[in-house]
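Novice: Build me a model from this:
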Amino acid sequence: GWSPRPLGGSLPAKCKVFIKRDDMTGTEESGNKIRKLEFLIGKARQDGCDTVVTVGSLQSNHCRATAAVARRFGLRCTLVLKAENAEQVTSGPTHS
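Specialist: The predicted model follows:
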């Protein structure tokens, strides 16, 4: 399993080390998806957008992360989800 590792070696006295902790992003999601969305959602807000659209598979972590971050910043999110076969497609309510 994964466990924290100490920094190896020694640093010069004037050297500062900054670490971006994924567990401190403020959402349930973390990692590279949130880091990418940080800039994309920021740009959408800067451009005055009120909706983001993304495409992914039915169980896409990217789509889930996009919807969560969009909601957090008051944006609507439209997900275009791809199914592997017709049996995976069901009719029902959509969530926004």
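Novice: Grab the most central residue of the protein for me.
Specialist: By CA atoms, centre = their mean, the chain has its centre lying nearest to Ile34, at 3.2 Å.
Novice: Strands of the chain, residue ranges please.
Specialist: 51-57, 76-82 (DSSP state E).
Novice: chain center to the first one: distance?
Specialist: A distance of 12 Å separates the centroid of the chain from that of strand 51-57, by CA atoms, centre = their mean, to the nearest Å.
Novice: What residues sit buried inside the helix ranked longest in the chain?
Specialist: What stands out as the longest helix in the chain, according to DSSP state H, is helix 32-46. Buried residues in helix 32-46, counted by 16 or more other CB atoms under 10 Å: 33-34, 37, 41, 44. From N, CA and C alone the C-beta is placed, and that goes for glycine too.
Novice: In this structure Leu79 contacts Ser57, no?
Specialist: No. Using CB atoms under 8 Å, Leu79 is not in contact with Ser57, being 10.4 Å away.
Novice: what do the two both touch?
Specialist: Residues touching both Leu79 and Ser57 by CB atoms under 8 Å, 6 or more residues apart in numbering: Cys63.
Novice: For Lys82, name its beta-bridge partners.
Specialist: Beta bridges link Lys82 to Ser57, judged by DSSP bridges.
Novice: pLDDT weak spots in this protein?
Specialist: 1-8, 22-30, 86-96 (pLDDT under 70).
Novice: same thing but at 80, please
Specialist: 1-11, 18-33, 35, 84-96 (pLDDT under 80).
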